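[1] sequence unknown, structure follows:
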């Protein structure tokens, strides 16, 4: 496949036409012709330990239990990131990814599904902010929606063929952002408003009755050809993605594939291709089912890597592996073991601002650019994908309708610099999730260098952790370092106010909870 | 539905970012808020007489035979155009529509379907040019393809929600342009590479076997929900379009619906909702079937108009009715009566550069702007839709990667001017279609004011007609007006060379056939 650098083919200046046309169509140079394909392989609700590939300094029992040979294979080709962060909740992460904005700015801080329906559990003591529960959009006109420019739109306008496969979760039902094609995807396989799925099982038509009616808002659309075939949803999505790649290959354009698996989100159905093996290994039914979801996802990664190799595209394709929040650890009906421990050594899980809720398994393979079999311990954040992917694609001069908070991590990939040095990362969660637990609900946090401060809006409590020394956030050292607490509180408060972030109010007084630097 | 003038929301200048963002989000004024919805209702292969609405000065037997009450209703609301032109072949028209280029320039002069397959019938005496049989695209990288900017892309970038329903026919199979989403459509219902259809019948799953396999390259995709329901394809498309409009209404964006019916293209299946009535009226089976296709299409128009009225959108929606070439008149297996007469008083039909092949039934309704129940006898051309629709939508400052040949016909709609005065329209067909007949194959033509010159590449023959005086092109007056022939030949030749048009070569000498002004 030839990869032309399409010279701003339809990303053209907004100036009056002079002679009826204007964009130049110069011949691309040899250098320019190598625009890479990009696959962003995004897993849902996958924790830092849900793999046989150790992201920590040592192998954990979970690393021993699960089998992800293709993640190991990808890591051998590229760079593992041990401090890659996302938000604590899927919607927040997905919206930061597509708009390049921090979640404090875009205000889609909790999960979205139905239009105009706030999904928070309500509180007797605090009133929650009127956050953007309708998600994000590229157009104005919908209330409680953040408007931003999609980097996929920019990729497409620069000449990429753009494919969405799996979970979208950008706009609530009946809002413009619900459809991946709104975001610049030319192909949409099975993506819609929902951030979860009714079932992985073809025997249940992925959530449809026999006569084809969706029985859940989370029924997976678009996989009708696989109904009743015995094919697990993860596999069906992979096969459809490969069909789309076969087509992309014919188009002679570079492609961007967003392989956004519904896996490994609940319901933790048994992927019977792998489940029996884990039972034989001694895992409980619940844990074996979870392991089967993981390995099914990993097989998909391998299938895509195989496709690249068979089709001569491996050398010119960037593969990025990422998850959207920590592993689910707050619901005993889905997992065995003590709740909030399944991401250990990280503390807590999905929904929490502790590391277990936000630190993700991330790998980047880019033959010829990223050194194989390497690790990077510098931190980065989900909104950093926006400028990085555009830089990877050679899209340089673009404008967006809203500010970008992301910072390109290209220097980390190339080993030419460290954009994380002295940089503050921020999370805001002035919401109440469905579950309780450590670091979950009504909080915000800042990470800067080795320090992380977590602030709780309702109680005013502040916690300080030295992350490299205390990855499990077991030792709150706030009392020992009042100066650091003060400095980070100030920086966090200033940032939140700068981006017009939201906070809860006390019902008793009607007054807003203090910003972290007001306590 | 509020219609905001989205201030260049993602149609933004290609300049380096200064402060990370740039586009302004000013509040729209009351005036700006009225961006109209636009429905382009495009019929396939519909001739000038395939309606009960007389576009000529008098009612013909065909006008008496067919029943199109909703075209009559639309005409009462708006303006009929009696000299609206398209190309002589569908692909040429569709490609001019989407790129704004004349067919001599875009070189998709014959019909497209399979990649790298020329569809012309070959000749013993002339070698046909290597025309763009792969269609059009927005990206470079495919041979025999014209690259242009889609006006739908520009509408979408300016904030329109864009819906494709029905026939697309822009790029051959396995080329980037085959998918309507490539052109800026966010919704694609049943559109793909093919310009025809296997069957209208749900009993045949619109061209699929019982186990879901397409048995033709022209099987209609995407209508699985209607298989076996007894619902004619025209009706199924209409129902899906209305679902998309229901959704669009919720998005609070202005919408553009391209309702591009497969009707009334062959096969002339019987639409049993209407067929018996026409048999009772005394029409033959063939003619009754044809009439049923027409009335089924007309019902669809009515259903969309009803939707607009029921949903309070009628006052703010432009409806444009158009066809893509003349009625099929060259194939006795599909029509009764003498061949080439079914568009009378116009001569010949689809494939021909005589009026029967290129003059279309066109109506524009735009409440508050276009005077109701009016007629316009000025001429216009299919590529004129491009600048006109963008002007209707208030998209003013845009650039395209290739020149636009279209001229806005807004002055005709508003009664403020006559862009057709002194303007030359050009057609080029250096091809051989599947059928022979008057004005069909290896010709080009120019219309300027009352005169029309047709030139035949192989024979060098020139014909001159005074169209207002001789709508049937029965009297070639070339011999009587050598000065006019010379003048028009020169203008036609100069235009064709200017846009780098193609022409056949003589096999005997290997030399190109002369341009019209070289004879």
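    Thanks, I have it. Computed from a predicted structure; not experimentally measured.
[2] and the residue of the stretch 201-350 of chain A closest to chain B?
    Closest residue of the stretch 201-350 of chain A to chain B, CB to the nearest CB: residue A:252 (3.8 Å). Every C-beta, even on glycine, is put in place using the N, C-alpha and C of the backbone.
[3] can I assume that residue is in contact with residue B:142?
    Yes: the pair residue A:252 / residue B:142 is scored as a contact, 5.9 Å apart, by CB atoms under 8 Å.
[4] shared neighbours of those two, anything?
    When contacts are counted by CB atoms under 8 Å, 6 or more residues apart in numbering or on different chains, the set common to residue A:252 and residue B:142 consists of residue B:176.
[5] of these two, who's got more company?
    Between residue A:252 and residue B:142, counting by other CB atoms under 10 Å in any protein chain shown, residue B:142 is the more crowded of the two (25 against 19).
[6] make sure the more buried one is indeed in a helix.
    No: looking at residue B:142 with DSSP: H, G, I helix; E, B strand; the rest coil, it is coil, so not inside a helix.
[7] now the residue nearest in space to the middle of chain A, nearest residue through space, not along the chain?
    Geometric centre of chain A, nearest residue: residue A:324, 3.2 Å, by CA atoms, centre = their mean. Spatial nearest neighbour of residue A:324, chain neighbours left out: residue A:93 (4.2 Å); criterion: CB to CB, 6 or more residues apart in numbering or on different chains.
[8] dihedrals phi and psi, the one you found?
    When quoted as degrees, to the nearest 10, the phi and psi of residue A:93 stand at phi -60, psi -50.
[9] list the buried ones in the single longest helix found in chain A?
    Longest helix in chain A, counting residues (DSSP state H): helix A:285-310. Residues of helix A:285-310 classed as buried: A:286-305, A:307-308 (neighbour count, 16 or more other CB atoms under 10 Å in any protein chain shown).
[10] residue A:491 falls within a helix, correct?
    Yes: assessed with three-state DSSP, residue A:491 lies in a helix.
[11] nearest spatial neighbour of it, skipping sequence neighbours?
    Among residues not flanking residue A:491 along the chain, residue A:424 sits closest, at 5.7 Å (CB to CB, 6+ apart).
[12] which residues touch the one you found?
    For residue A:424, the contact set (CB under 8 Å, 6+ apart) comprises A:446-448, A:491-492, A:495.
[13] one more time with 6 Å
    A:446, A:448, A:491 (CB atoms under 6 Å, 6 or more residues apart in numbering or on different chains).
[14] okay, buried residues for stretch A:442-461 please.
    For stretch A:442-461, a neighbour-count test (16+ other CB under 10 Å) marks A:442-448, A:451-458 as buried.
[15] residue ranges for the helices of the stretch 51-200 of chain A, please.
    Remark: helices assigned in the stretch 51-200 of chain A by DSSP state H, counting those that start in this stretch are A:61-65, A:69-77, A:90-99, A:103-106, A:151-157.
[16] mean pLDDT and distance to residue B:381 added to those, as CSV?
    Below are these laid out as CSV (pLDDT from 0 to 100; distance: least, CB to CB, whole Å):
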stretch, mean pLDDT, distance to residue B:381
helix A:61-65, 97, 68
helix A:69-77, 98, 55
helix A:90-99, 98, 40
helix A:103-106, 98, 46
helix A:151-157, 98, 29
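[17] as JSON lines, those helices with mean neighbour count would be great.
    As requested, the helices of the stretch 51-200 of chain A are exported to JSON lines (neighbours: other CB atoms under 10 Å in any protein chain shown):
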{"stretch": "helix A:61-65", "mean neighbour count": "16"}
{"stretch": "helix A:69-77", "mean neighbour count": "19"}
{"stretch": "helix A:90-99", "mean neighbour count": "28"}
{"stretch": "helix A:103-106", "mean neighbour count": "28"}
{"stretch": "helix A:151-157", "mean neighbour count": "25"}
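[18] so how far is residue A:112 from the residue nearest to residue A:324?
    Applying CB to CB, to the nearest Å, the value for residue A:93 to residue A:112 is 12 Å.
[19] residues from the stretch 151-300 of chain A in reach of chain B?
    Proximity of the stretch 151-300 of chain A to chain B (CB under 6 Å from any CB of the partner chain) is limited to residues A:159, A:174, A:176, A:181-182, A:186, A:250-253.
[20] re the thing from before, pull the contacting residues for the residue nearest to the centre of chain A.
    Contact analysis of residue A:324 by CB under 6 Å, 6+ apart lists A:44, A:86, A:90, A:93.
[21] next: residue A:355.
    With contact set as CB under 6 Å, 6+ apart, residue A:355 has these partners: residue A:346.
[22] before we move on, what about the one 5 residues further on?
    Residues counted as contacts of residue A:360 (CB under 6 Å, 6+ apart) are A:84, A:86, A:322-323.
[23] how about 7 Å then?
    Going by CB atoms under 7 Å, 6 or more residues apart in numbering or on different chains, residue A:360 touches A:48, A:84-86, A:322-323.
[24] what is the most widely separated pair among those residues?
    A:48 and A:322 (11.8 Å; CB to CB).
[25] any low-confidence regions in chain A?
    Residues of chain A that meet the criterion pLDDT under 70 lie in A:1-33.
[26] before we move on, back to that, make sure the residue nearest to residue A:324 is actually in contact with residue A:85.
    No: with contact defined as CB atoms under 7 Å, residue A:93 does not count as touching residue A:85 (9.5 Å).
[27] give me the common contacts of these two.
    Residues touching both residue A:93 and residue A:85 (CB under 7 Å, 6+ apart): residue A:382.
[28] write out the residues of the stretch 351-500 of chain A neighbouring chain B.
    Residues of the stretch 351-500 of chain A found near chain B (CB under 7 Å from any CB of the partner chain) are A:397, A:399-404.
[29] how about residue A:65, what does it touch?
    A:283, A:291.
[30] how about the nearest residue to residue A:325, chain neighbours excluded?
    residue A:350 (5.0 Å).
[31] let me fix that, I meant to ask about residue A:395.
    Closest residue in space to residue A:395, ignoring its immediate chain neighbours: residue A:158 at 4.7 Å, by CB to CB, 6+ apart.
[32] how many residues are close by that neighbour?
    Residue A:158, neighbours per other CB under 10 Å, totals 23.
[33] please report how far it lies from residue B:283.
    Going from residue A:158 to residue B:283 by CB to CB gives 55 Å.
[34] residue A:122 too?
    68 Å.
[35] more neighbours, those two?
    Higher neighbour count among residue A:122 and residue B:283: residue B:283, with 19 against 9, using other CB under 10 Å.
[36] that one - that's part of a helix, no?
    No: using three-state DSSP, the secondary structure at residue B:283 is coil, not a helix.
[37] who's in contact with it?
    B:65, B:291.
[38] mind redoing it with 10 Å?
    The contact partners of residue B:283, taken as CB atoms under 10 Å, 6 or more residues apart in numbering or on different chains, are B:65-66, B:275, B:277, B:289-292, B:336.
[39] now those as CSV including distance to residue A:76?
    Below are the contacts of residue B:283 laid out as CSV (distance: CB to CB, whole Å):
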residue, distance to residue A:76
B:65, 74
B:66, 70
B:275, 67
B:277, 72
B:289, 65
B:290, 66
B:291, 68
B:292, 65
B:336, 72
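[40] ok, back up a step: filter the contacts of residue A:360 down to the ones in strands?
    A:84-85, A:322-323 (DSSP state E).
[41] in PyMOL, select just the buried ones from those residues.
    The buried residues among the ones in strands among the contacts of residue A:360 can be selected in PyMOL (16+ other CB under 10 Å) with this line:
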select buried, chain A and resi 84+85+322+323
